[in-house]
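Visitor: Just the structure for this:
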Amino acid sequence: MSAISALRGYRTQFLYTLYNIISETNKTYKYKPEGKYEDLDIFDSKGKLTEIIQVKNLSETLTFSNLFSSKDSFFSRGLKAITKDKDVILKIVSFGA
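Guide: Sure, this is the predicted structure:
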């Protein structure tokens, strides 16, 4: 991955997180960018994990292997989260092909 691609990815994650915080109607939620599970972990007012969000901004088409290519992949981390709480919502947000 080139430095420009990495910076584009971080910028996209930041802007998506900022948008999420500003536009959220439930002001009691807590947001953790680069959270334990994903690019953005969202917690309710009691500290319960409600959503984990993976943000992608790839120049090529997003494929299954981009999300499930290693032991520490999106799906592996998502499985850990839903094993602890089946109500956690997993989201993939893609800004690209």
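
Visitor: mind listing what residue 55 touches?
Guide: 9, 12-13, 16-17, 39-40, 93-95 (Cβ atoms under 8 Å, 6 or more residues apart in numbering). The way it works is simple: take the backbone N, C-alpha and C, and place the C-beta from them, glycine included.

Visitor: Kindly present these as CSV, with separate columns for distance to residue 63 and neighbour count.
Guide: What follows is those, written out as CSV (distance: Cβ to Cβ, whole Å; neighbours: other Cβ atoms under 10 Å):
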residue, distance to residue 63, neighbour count
9, 16, 18
12, 18, 19
13, 19, 22
16, 20, 18
17, 24, 19
39, 18, 23
40, 22, 23
93, 16, 15
94, 11, 15
95, 15, 15
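
Visitor: Which two among these are spaced furthest apart?
Guide: Checked with Cβ to Cβ, the contacts of residue 55 reach their widest spread between 17 and 94, with 15.2 Å between them.

Visitor: what's the spacing between residue 28 and residue 7?
Guide: 33 Å (Cβ to Cβ, to the nearest Å).

Visitor: Report the mean confidence score over stretch 2-16.
Guide: Stretch 2-16 shows a mean pLDDT of 87.

Visitor: any residues touching that stretch, and which ones?
Guide: 33-34, 39-40, 53, 55-57, 59, 93, 95.

Visitor: Please repeat the previous calculation with a cut-off of 7 Å.
Guide: 33, 39, 55, 57, 59, 93, 95 (Cβ atoms under 7 Å, 6 or more residues apart in numbering).

Visitor: What of stretch 37-44?
Guide: Stretch 37-44 is touched from outside by 13, 17, 20, 28-33, 35, 49-55, 77, 81, with contacts defined as Cβ under 7 Å, 6+ apart.

Visitor: Noted, bye for now.
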